[in-house]
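Enquirer: model this:
(one chain, ligands or ions: 1)
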Amino acid sequence: MNHFSYRDGVLHAEEVDLAALADKVGTPFYCYSTATLERHYRVFAEAFSKDTLIAFSVKANGNLAVLKTLARQGAGADVVSGGELRKALKAGIPASKIVFSGVGKTKVELCAALQAGIYQFNVESEPELRALDETAASLGLRAPVAFRINPGVDAKTHAKISTGHSETKFGIPWSRARAVYAEAAKLKAIEIVGVDVHIGSQITDLAPFEAAFRRVVELVGQLRGDGHAIGRIDLGGGLGVPYRADNEPPPLPHAYGAMVREAVDSTHARLILEPGRMIAANAGILVARVIYVKKGEGKTFLIVDAGMNDLVRPAMYDAFHDIVAVREPGPDAERVRYDVVGPVCETSDIFAADRDLPRLKDGDLVAILSAGAYGAVMSSAYNARPPAAEVLVRDGDWAVVRPRMDDDALLATDRIPGWLEA
Ligand code: LLP
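Expert: Numbers count the residues shown, from 1 in each chain. The predicted structure follows:
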């Protein structure tokens with residue numbers, strides 16, 4: 001459920017009229033709904049015991065205002081870089097609720113996270129373990145560590161967002177897990193606290209999760225038998241969201257929660273979850289204006305002012321995003337089959353192919369839905385296009401939470417070397 005709906009013939013975000021907002025902030029812009037973010041967080045959190053740490057995956061949406069909204073609901077953070085760590089801390093998420101994932105944490109990043117006193121490092125390799133041990137020792141600290149174990153499970157999601165099978169760069173191979181824990185137990189500045197797993201993203205079936213979690217439980221038993229104090233299990237993120245109304249909806253959080261409890265409760269470990277998309281995707285939309293309607297050979301192109309530099313998911317993962325007109329079409333409105341495309345000079349700059357929409361003309365507004373996760377965070381300035389602004393709505397209030405970079409600022413990012421000055 002989300003809080004984007006038509007009122008008086010215009011799409012609204014909560015109480016805010018998006019056509020009026022577009023006139024004020026200019027297009028394209030991302031618009032996030034506070035009520036939707038809060039609701040998604042609450043529904044997810046309620047599916048688990050109070051003691052569970054819900055660490056929002058900052059990579060899905062790192063806007064400080066979004067993070068702060070979630071922090072106020074009690075969210076922790078799953079971060080994958082020093083930059084995300086700084087963002088999470090700045091948004092008021094306590095270090096005691098932050099976990100640090102990722103295959104390539106540098107010593108500088110490890111040092112920052114140790115000094116901040118984060119809750120857990122999800123370590124993905126032996127070299128990383130050694131780097132963490134050395135860094136912690138040099139600071140006179142001990143690092144709380146869970147190893148991310150690759151359970152060798154095929155998550156049956158898009159190949160580019162599947163991480164749990166044995167040929168990805170992620171995690172410690174299942175067969176080496178016990179040896180790596182044994183090695184870690186010998187290191188003075190390492191404190192073994194748990195096991196971590198993450199098998200992929202936009203997973204719409206409980207079966208691969210369950211298979212992975214059962215393997216984790218088996219491993220926890222073995223590790224405890226080996227003498228390790230495994231008090232926490234981090235189950236990663238990955239529960240999918242409904243991107244299209246005509247597909248079977250993915251399992252709801254409470255079904256996911258019930259499956260998780262069934263699979264792992266016997267361990268009595270503290271659970272950590274790292275949802276990203278589930279919280280943010282349907283809490284955000286990308287609003288764009290039609291620049292031209294162009295007739296092609298057998299195709300009609302709706303050329304809008306957002307491009308793949310603003311929302312790369314369709315180009316990168318063939319992702320489907322629903323698109324609606326901001327002005328509500330009447331029940332008898334004529335429908336036209338469009339390719340909805342951006343202005344970027346790439347064939348892949350296409351948001352939707354052969355999509356039936358009400359007839360639109362230059363200047364009309366469209367909303368690309370379910371764009372709150374992996375949207376703005378993945379934007380770039382490709383084609384020297386300043387990425388879309390971001391706006392957060394709360395009831396009838398709104399605020400620009402990231403302005404569009406102005407053209408001068410975009411130019412100012414480059415430097416001319418001395419030999420070209422003269
Ligand atoms: N934890 C870890 C270790 C992850 O790698 C990810 C996502 C998450 C949690 C959050 O997963 P979620 O709950 O959002 O599924 N850009 C792609 C998605 C990449 C996901 C990367 N890892 C997309 O737009 O579909």
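Enquirer: tell me the domain boundaries of this structure?
Expert: 4-31+281-411, 102-273 (automatic domain parsing).
Enquirer: Could you tell me the end-to-end distance of the shortest one?
Expert: Right, the one you point to is domain 4-31+281-411. Domain 4-31+281-411 has an end-to-end distance of 35 Å (C-alpha to C-alpha, to the nearest Å).
Enquirer: again with stretch 289-302
Expert: End to end - C-alpha to C-alpha - stretch 289-302 spans 10 Å.
Enquirer: ok, and for that stretch, which residues are buried?
Expert: By 16 or more other C-beta atoms under 10 Å, the buried positions in stretch 289-302 come out as 289, 290, 293, 302. Glycine gets a C-beta too; all of them are placed from N, C-alpha and C.
Enquirer: of the residues you listed, closest to residue 85?
Expert: Residue 85 has its nearest neighbour among the buried residues of stretch 289-302 in residue 289, at 36.4 Å by C-beta to C-beta.
Enquirer: Over to that closest one: give its phi and psi.
Expert: phi -110, psi 140 (degrees, to the nearest 10).
Enquirer: tell me the two of the buried residues of stretch 289-302 that are most distant?
Expert: 289 and 293 (12.0 Å).
Enquirer: wouldn't residue 245 be in contact with residue 324 here?
Expert: No - the pair residue 245 / residue 324 is not scored as a contact, 10.8 Å apart, by C-beta atoms under 8 Å.
Enquirer: The two: which is more packed in?
Expert: residue 324 (18 against 8; other C-beta atoms under 10 Å).
Enquirer: and the more buried one, that one's in a helix?
Expert: No - assessed with DSSP: H, G, I helix; E, B strand; the rest coil, residue 324 is strand; it does not lie in a helix.
Enquirer: Which residue comes closest to it once chain neighbours are left out?
Expert: residue 367 (5.3 Å; C-beta to C-beta, 6 or more residues apart in numbering).
Enquirer: Provide the contact partners of the helix or strand of the chain with the lowest mean pLDDT at residue level.
Expert: Lowest on mean pLDDT, DSSP states H and E among the helices and strands of the chain sits helix 407-411, with a mean of 90. Helix 407-411 is touched from outside by 381, 384, 386, with contacts defined as C-beta atoms under 8 Å, 6 or more residues apart in numbering.
Enquirer: Among these, which one is most surrounded by other residues?
Expert: Top of the contacts of helix 407-411 by neighbour count (other C-beta under 10 Å): residue 386, with 16 neighbours.
Enquirer: For the residue nearest to residue 324, which phi and psi angles does the backbone take?
Expert: phi -120, psi 130.
Enquirer: my read: it touches residue 328, true?
Expert: No - Residue 367 lies out of contact with residue 328 (C-beta under 8 Å); the separation is 11.3 Å.
Enquirer: which one of the two has more residues nearby?
Expert: The residue with more neighbours, out of residue 367 and residue 328, is residue 367; 21 against 16, by other C-beta under 10 Å.
Enquirer: ok, back up a step: find the residues that touch each one of residue 367 and residue 328.
Expert: residue 11.
Enquirer: ok, which residues in the stretch 101-250 of the chain are in contact with the ligand?
Expert: Within the stretch 101-250 of the chain, the positions near the ligand by C-beta under 6 Å from any ligand atom are 101, 161, 198, 201, 202, 236, 237, 238.
Enquirer: Report pLDDT for the fourth one.
Expert: For residue 201, the model assigns a pLDDT of 94.
Enquirer: That one touches residue 238, doesn't it?
Expert: Yes - using C-beta under 8 Å, residue 201 is in contact with residue 238, at 5.2 Å.
Enquirer: In terms of neighbours, single out the busier of these two.
Expert: residue 238 (30 against 25).
Enquirer: Spit out the contact partners of the most centrally placed residue in the chain.
Expert: Central residue of the chain (C-alpha atoms, centre = their mean): residue 60, 1.7 Å from the mean position. Residue 60 makes contact with 237, 276, 277, 279, 280, 281, 373, 374, 377 under the criterion C-beta under 8 Å, 6+ apart.
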